[in-house]
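Colleague: Pasting the sequence and the predicted model now:
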Amino acid sequence: MLDLARDVVGTQPILAVFLAIGVGYLVGQINLGGFSLGVGAVLFVGLAIGAFAPKASVTGPIGLTGLIMFLYGIGILYGRQFFEGMTGVAGRKYNLLAFIACVAGLLVALGLGQFFGIKIGHTLGIYAGSMTSTATLQAALDTMKNGEPSIGYSIAYPFGVIGPILCIYFMTRQVKPTFPPKVERFHMGEITLAPTYAGRRLEDVSADLPDGVQVTMVRKGDQNIVPSADLAVAHGDGVMIVADREEAIAETAAKLGRLESGRIVKDRSALDYVRVFVGKANLVGIPLARLPMPAGFPAHLLHVRRYDMDVVPTPDLTLEFGDRVGVLMPPNRKEEVRRHFGDTVKSTAEFSYVSLGLGMVLGVLLGLIPIPIPGLGIVTLGIAGGPLIVALILGKLRRTGPLLWVMPLPANIVLRNYGLAIFLAAVGINAGQPFVRTVAESGFTMLFIGVAVLLTTVIIVLLVGYYLMKIPYDDLVGIASGATGNPAILVYSTRMAPTERPDIGYAMIFPSMTIVKVIAVQIVGLLALSGSG
């Protein structure tokens, strides 16, 4: 029976891949003291399948296709935050810290690998596994032209996940950081105008508003109307305002008149309110200042809800598929508003396969461009680096004419996780047999090197960042998560620092450090190959 199962799995690579994915996700859900492998368990199940069925081999581009899907999704999601971080003083400082830590980790891997006589391919794999970086693993595989990096990666990967979590846990206990409560980004208020604004235009009133405050509806007499810049207001008129800070409501009331709730929101005779999903591509990626609204009747966008957060509709905000927008319009025009925005929950999974295909093609082509390094040879960004850089740029652009590059978060998560699972399954299955032999010969030594590499990287980020650079703690754990890379580390960081800053820090660090690691292992690999030749 076992021989039959071994033959079936060994001769059916697609079966082996999906068996690794299905069982791997099941194993990844096992939680021990708050720690689980998550999608990383797919790699270890793949190794077990490869060891069980020696004939099992995943050939062709299936694994690389999965890797490109993962990296493209990361770049598209974090493109804007990445470039904003790189152009700011804080972002450059954070990237410098992560760069020093990642290079220090690589030096430790090379030093200990040479001391213990570990093959350079295994050493580069240990470094990639310690950083839980699939892109770095692929770069090492491409450079070394053998499966040695997969073995080192598999041995180092588990501590690459649990190590940063333990470091962040003990660091948090040591420094005992405190954080302000989560701030709501959307607040509303109704204000009755003072006599000083009689006869003035709404444009003049808006000029007196604090930053982040907008007028979304006006009440003249007994009727609510959509605001316009040239609308003349009078003493006693009411305005509804929205703000991203709660205190801004009181500040605005002190300038314009007095707070008086209930006058506007209770009257829906002239203007009603409806929430609709954004489901049309021609409305996505366009700043609200240029967003077309339904023609033939007054309509005004009151607010935007993106996943689990309400957002003030600023002029430069761009809509995404799946956003829910609150629209003010005459009560009998709701169906027209729904048709205009394409109101459907399916939009949460909509994206353009045209832009996806073109983006990935551009990424692969960029990865093929040779980069000459004097005295060393040719380095390329490869399958790992090219798609990531292109996706970062496209994620920043968001839209180019009719081409919409971004995708809804749910669709992005599915693309990334599915791609990563395919890649890890293929890598694990192909490395199963060599993995067993190497662990028996020098597995504990390689595990020790992986632990040293990981601790070097994380401790430099946490200690130098906190005690010398005085980086806020919620930013710091985001940097540590981005430098090491695994999303599970970021999830744990947000538990230890429950603000939005860990996500932003991760977005600023993860793409740039992925590129650094990819190029670094290629250079080291080429140096090693040229020396051995």
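Modeller: In hand now; what should we look at? Numbering: from 1, shown residues only.

Colleague: Let me see the confidence value for residue 169.
Modeller: Residue 169 carries a pLDDT value of 87.

Colleague: need the strands for this protein, in chain order.
Modeller: Remark: strands assigned in the chain by DSSP state E are 187-193, 213-220, 223-225, 238-243, 257-259, 272-277, 300-306, 309-311, 324-329, 371-373, 377-379, 399-400, 403-404.

Colleague: Kindly reformat the ones you listed as JSON lines containing mean neighbour count.
Modeller: (Each C-beta comes from the backbone N, C-alpha and C, glycine too.) Below are those laid out as JSON lines (neighbours: other C-beta atoms under 10 Å):
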{"stretch": "strand 187-193", "mean neighbour count": "20"}
{"stretch": "strand 213-220", "mean neighbour count": "20"}
{"stretch": "strand 223-225", "mean neighbour count": "17"}
{"stretch": "strand 238-243", "mean neighbour count": "23"}
{"stretch": "strand 257-259", "mean neighbour count": "15"}
{"stretch": "strand 272-277", "mean neighbour count": "17"}
{"stretch": "strand 300-306", "mean neighbour count": "19"}
{"stretch": "strand 309-311", "mean neighbour count": "15"}
{"stretch": "strand 324-329", "mean neighbour count": "22"}
{"stretch": "strand 371-373", "mean neighbour count": "11"}
{"stretch": "strand 377-379", "mean neighbour count": "15"}
{"stretch": "strand 399-400", "mean neighbour count": "14"}
{"stretch": "strand 403-404", "mean neighbour count": "18"}
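
Colleague: Go through those strands and find the least confident stretch.
Modeller: Across these, strand 377-379 has the smallest mean pLDDT, namely a mean of 68.

Colleague: Export the strands of the chain as JSON lines, with columns for distance to residue 69.
Modeller: Shown next, in JSON lines, are the strands of the chain (distance: least, C-beta to C-beta, whole Å):
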{"stretch": "strand 187-193", "distance to residue 69": "39"}
{"stretch": "strand 213-220", "distance to residue 69": "39"}
{"stretch": "strand 223-225", "distance to residue 69": "48"}
{"stretch": "strand 238-243", "distance to residue 69": "38"}
{"stretch": "strand 257-259", "distance to residue 69": "51"}
{"stretch": "strand 272-277", "distance to residue 69": "25"}
{"stretch": "strand 300-306", "distance to residue 69": "24"}
{"stretch": "strand 309-311", "distance to residue 69": "27"}
{"stretch": "strand 324-329", "distance to residue 69": "27"}
{"stretch": "strand 371-373", "distance to residue 69": "24"}
{"stretch": "strand 377-379", "distance to residue 69": "24"}
{"stretch": "strand 399-400", "distance to residue 69": "21"}
{"stretch": "strand 403-404", "distance to residue 69": "18"}
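
Colleague: For residue 149, give me its contacts.
Modeller: For residue 149, the contacting residues are 121, 122, 124, 125, 128, 137, 140, 141, by C-beta atoms under 8 Å, 6 or more residues apart in numbering.

Colleague: hmm, what's the outermost residue in this structure?
Modeller: Farthest-out residue of the chain from its mean C-alpha position, per C-alpha atoms, centre = their mean: residue 195, at 49.6 Å.

Colleague: excluding its backbone neighbours, what's nearest that residue?
Modeller: Residue nearest to residue 195 in three dimensions, not counting chain neighbours: residue 235, with 4.4 Å by C-beta to C-beta, 6 or more residues apart in numbering.

Colleague: Any idea how many residues pack against that neighbour?
Modeller: Other residues within reach of residue 235, judged by other C-beta atoms under 10 Å, total 13.
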